[in-house]
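K.L.:
only geometry, no sequence info:
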């Protein structure tokens with residue numbers, strides 16, 4: 001067992017160094033943290049609609065589809081997360097759409113887990129839903145609960161289960177809440193054992209299990225025969241060699257991150273030229289663009305009236321804010337949606353617009369995205385979950401228009417007139 005622990009540590013260290021692995025490509029990804037609040041808010045809306053009897057009888061077009069779609073966009077580890085919630089008419093699963101009692105029970109589980117603080121309370125809620133034997137509603141729901149309690153509930157999918165079984169020799173099966181709870185206990189034990197290499201956030205160990213289960217990394221052998229160890233060492237070395245050359249998907253993602261920062265820098269520079277104070281998202285301020293911090297020359301903190309308002313935690317994460325110089329009124333807010341979930345950006349805009357005061361009532365709200373994403377932006381805005389958007393006058397600002405006119409706006413512009421002129425009204 002001591003030998004296994006040494007090999008496992010070697011594996012985890014190699015895995016963390018791999019830019020292709022989920023630790024660097026997802027767990028350390030800034031957008032992951034940004035999306036937590038928007039997903040939580042989306043789940044709260046699902047609960048509210050179920051309680052009010054407004055949820056409906058279909059997954060498509062529902063508030064649940066909106067939030068699950070946002071989860072599924074959390075890079076490879078959550079790809080396919082929506083499959084468990086899709087209505088399968090021949091099997092009539094998951095049975096939470098056409099059965100009002102089951103739908104309410106699902107809503108109560110989400111509400112209970114959102115409101116509780118301890119593992120015991122979460123487990124009690126899971127036991128309650130499990131006793132109802134709702135057809136097709138299994139532990140895939142844990143992917144939603146993870147975003148409510150990332151230190152208490154691990155993410156869950158086929159690859160993670162396979163990875164857990166390979167690493168521990170377990171026999172966890174999909175589709176069973178009891179098997180999920182047994183796996184959760186084992187995951188917590190593993191995480192405690194290797195806490196110095198992992199994190200309190202169970203997304204880290206979830207990512208490790210995902211990469212093992214999907215075949216990217218081999219689990220350490222529990223058989224200590226020389227031949228088995230040599231074979232494992234060779235496979236681990238092969239994974240290290242593969243990590244030396246980034247694959248095309250990672251190169252594309254790196255370009256996405258670079259472009260996101262580039263657009264933020266454009267908006268920062270335009271705002272400064274127009275005489276505004278600038279706020280850069282709190283988790284982006286240290287990023288470099290052309291060797292300069294994005295937060296250079298920008299506000300170090302938000303005005304008190306904003307930082308203490310409702311939704312302040314989300315407002316701090318809006319990509320770029322323009323504020324009246326020396327004041328506390330937001331003149332414009334920009335969410336740059338290069339390749340990530342448009343849903344999360346819209347939610348942060350809503351948090352700003354509905355922050356409980358009139359400070360931001362007249363702010364210009366802009367979703368900034370590639371020209372090719374206009375149809376996707378409009379499709380998201382049209383979702384029933386965003387029926388209040390029409391009152392907020394959010395506009396779509398295409399990259400192409402911004403790039404063509406940014407120099408002229410900086411030199412000759414005044415206020416928001418020019419930015420509004422190159423934007424397109426939504427919906």
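P.N.:
Noted; the coordinates are in hand. None of the values given here were measured: they were computed from a predicted structure. Numbering: from 1, shown residues only.
K.L.:
need the pLDDT of residue 224.
P.N.:
We have a pLDDT of 63 for residue 224.
K.L.:
can you check residue 215 too?
P.N.:
We have a pLDDT of 89 for residue 215.
K.L.:
that one: which element?
P.N.:
Counting by DSSP states H and E, no helix or strand carries residue 215.
K.L.:
that one: neighbour count?
P.N.:
With neighbours defined by other CB atoms under 10 Å, the count for residue 215 comes to 13. Backbone N, C-alpha and C define where each C-beta goes, glycine included.
K.L.:
OK, contacts around it?
P.N.:
Residues near residue 215 by CB atoms under 8 Å, 6 or more residues apart in numbering: none.
K.L.:
helices along the stretch 1-150 of the chain, start to end?
P.N.:
In the stretch 1-150 of the chain, the helices defined using DSSP state H, counting those that start in this stretch lie at 2-17, 22, 30-52, 63-72, 100-115, 119-131, 142-148.
K.L.:
what is the shortest one packed up against?
P.N.:
Same thing as helix 22. helix 203-213 (3 or more CB pairs under 8 Å, 6 or more residues apart in numbering; DSSP states H and E).
K.L.:
list of residues touching the helix it packs on?
P.N.:
12, 15, 21-23, 26-27, 32, 76-77, 146, 150, 154-155, 157-167, 187, 190-191, 194, 198-199, 217-219.
K.L.:
redo the helices of the stretch 1-150 of the chain as a markdown table? Include mean neighbour count.
P.N.:
Shown next, in a markdown table, are these (neighbours: other CB atoms under 10 Å):
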| stretch | mean neighbour count |
| --- | --- |
| helix 2-17 | 15 |
| helix 22 | 24 |
| helix 30-52 | 19 |
| helix 63-72 | 23 |
| helix 100-115 | 18 |
| helix 119-131 | 16 |
| helix 142-148 | 23 |
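K.L.:
got a markdown table for those helices, with distance to residue 325 and mean pLDDT too?
P.N.:
Shown next, in a markdown table, are those (distance: least, CB to CB, whole Å; pLDDT from 0 to 100):
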| stretch | distance to residue 325 | mean pLDDT |
| --- | --- | --- |
| helix 2-17 | 44 | 89 |
| helix 22 | 43 | 92 |
| helix 30-52 | 27 | 87 |
| helix 63-72 | 35 | 86 |
| helix 100-115 | 40 | 97 |
| helix 119-131 | 47 | 96 |
| helix 142-148 | 38 | 96 |
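K.L.:
closest one to residue 282 among the ones you listed?
P.N.:
Nearest to residue 282, of all these, is helix 30-52, at 9.9 Å by CB to CB.
K.L.:
tell me what that closest one is packed against?
P.N.:
helix 63-72, helix 100-115, helix 142-148, helix 312-315, helix 342-353.
K.L.:
looking at these, which is nearest to residue 87?
P.N.:
Residue 87 lies closest to helix 63-72 among these, at 10.1 Å (CB to CB).
K.L.:
between helix 342-353 and that closest one, find me the angle.
P.N.:
With axes from the mean of the first three to the mean of the last three CA atoms, to 10 degrees applied, the angle from helix 63-72 to helix 342-353 works out at 110 degrees.
K.L.:
correct me, but residue 405 touches residue 420?
P.N.:
No - with contact defined as CB atoms under 8 Å, residue 405 does not count as touching residue 420 (11.7 Å).
K.L.:
okay, and the common contacts of the two?
P.N.:
Counting by CB under 8 Å, 6+ apart, residue 405 and residue 420 have no contacts in common.
K.L.:
low-confidence regions, the stretch 251-400 of the chain specifically.
P.N.:
Along the stretch 251-400 of the chain, the parts satisfying pLDDT under 70 run over 251-258, 339-341, 354-362, 384-391.
K.L.:
quick one on the thing from earlier: and residue 344, which of the helices of the stretch 1-150 of the chain is closest to it?
P.N.:
Checking these against residue 344 by CB to CB gives helix 30-52 as the closest, at 3.9 Å.
K.L.:
how far away is the residue nearest to residue 324 when sequence neighbours are not counted from residue 273?
P.N.:
Distance criterion CB to CB, 6 or more residues apart in numbering; nearest residue to residue 324, sequence neighbours excluded, is residue 331 at 5.7 Å. Distance, residue 331 to residue 273, by CB to CB, to the nearest Å: 14 Å.
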